[in-house]
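Enquirer: Any chance you can model this:
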Amino acid sequence: MQRNTFSIAATCLAAISLSTGASAQYSESFESYTAPSAIEGQGGWQNWDVCATGNQLFNTVTTAQAATGTKSLRLLGSTAAGGTCAACSDTTHELNGPYTSGEWTFKVKTWIPNTFAGDAYVILMNTYNNCGGPYDWSTQIRFSDSGQVIVDAIGGTNYVPINGNQPILFDQWGELKVEIDLNNNTVVFSYNDVEMSGGDWAPGTGVPEIKALDLYPGSDDTTEWFVDDISLTAGIVGGPVGTNYCMANPNSTGGTGVMGATGSRSVTANDLTLQGTGLPNLSFGFFITSNTSVFVPNPGGSSGNLCVGGAVGRYVGPGQIKNSGLNGTIELLINNQLTPTPTGFVQIQSGETRFFQLWHRDSSGGTPTSNFTDGYEITFN
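Expert: As a prediction, this is how the structure comes out:
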């Protein structure tokens, strides 16, 4: 049967030319630090201005709460911590840049006690020199003791509401997500997967860059709050990676196979996983790709439709031919630097659009055949 698989594949695709053949840029979980200990001075964390006098250490690694592992960062205002320094309780971290183009996703988990008083801010900077400036703010998300998560306007720019302010999830971990497109200077804010608002990333005199994170207890008497699992990742994480196109024919399940992907469109992140779902159980298949979309019904006698054309490459290298198992799904983590073509491997380039599809074995009335999913279009950045 396996020998028949490859003969069917070759027959279906003989008319076209074929060939054989995700990662966070910054992350912090606080697990590597001693608890309790002041975070400033460890792992790149600092006070707001390291050249200022009177800085004190208020924000500490703790085991009181943790989203993952056993530790998180506890923050509070300076007088609430028993200090004497007014408005010097910011904790900052530069984010391993520079990041000046592409799409990016910033995430942080927050725990706000139901006894919280004051304001707590998660701030992202597009310009940041931690010894006297200059500084420029891009985002300012405020957790208010009114019970709301609020996106504050920066530099006089009003963000366009989507679902508006959201209620704080007290006494549990919530996730703040900021999706940044530096190429188009835009940003979208979400709390627990609910989009709140969007607008310009760098309004006014700001620059299209991601520079630093500032965690700011908004007043001297702000009570304790916690953060954990901070990350900045290339690509729009959790959003759709590509677009489905091209009609698929039903397979032996009665439904159609569907293409998809997880990870990101970022060439440099190189974390894209192709997916084919809705497949017959225990069927073999592999992904194909090209720079051209077509629609060819029943190529070579196949029961499906071919959606990629021109110089088509097949992912049939070691470990790339997959079985759909008992859930009718095939997945493959691809390498953007080793994309198959008829003449060898090529590297995907930023701005390039590629088309993907899955070919798989099938049967019709007990007779072996083959089929395809629909197509999937991805423009990389």
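
Enquirer: what's around Ala311, how many residues?
Expert: Counted by other CB atoms under 10 Å, the residues lying close to Ala311 total 18. For glycine as for every other residue, the C-beta is placed from the backbone atoms N, C-alpha and C.

Enquirer: again with Thr367
Expert: The number of residues packed near Thr367 is 8, by other CB under 10 Å.

Enquirer: likewise the one 4 residues further on?
Expert: Counted with other CB under 10 Å, residues neighbouring Asn371 total 29.

Enquirer: Quick check: bridge partners of it?
Expert: On the basis of DSSP bridges, Asn371 is bridged to His360.

Enquirer: Looks like it contacts Leu306 (just checking).
Expert: No - between Asn371 and Leu306 there is no contact under CB atoms under 8 Å: 10.7 Å.

Enquirer: how about low-confidence regions in this protein?
Expert: 1-24, 53-57, 79-88, 155-158, 237-239 (pLDDT under 70).

Enquirer: I'd guessed Asn165 sits against Val149; true?
Expert: Yes - with contact defined as CB under 8 Å, Asn165 counts as touching Val149 (6.2 Å).

Enquirer: where do the contact lists of the two overlap?
Expert: Jointly contacting Asn165 and Val149 under the rule CB atoms under 8 Å, 6 or more residues apart in numbering are Met196.

Enquirer: who has more neighbours, those two?
Expert: Neighbour totals were compared for Asn165 and Val149, and Val149 leads with 25 against 17 (other CB under 10 Å).

Enquirer: quick one: which helix or strand includes the more buried one?
Expert: Per DSSP states H and E: Val149 is located in strand 148-151.

Enquirer: Give me the sheet partners of that strand and which way each runs.
Expert: Here strand 148-151 is paired, per DSSP bridges, with strand 135-144 (antiparallel), strand 166-167 (antiparallel).

Enquirer: Excluding residues flanking it in the chain, which one is nearest Gly77?
Expert: Closest residue to Gly77 apart from its sequence neighbours, by CB to CB, 6 or more residues apart in numbering: Thr222 at 3.8 Å.

Enquirer: now Val108
Expert: The nearest residue in space to Val108 (CB to CB, 6+ apart) is Ile230, at 4.7 Å.

Enquirer: Give me the phi and psi for the one you found.
Expert: Phi and psi for Ile230, reported as degrees, to the nearest 10, are phi -90, psi 140.
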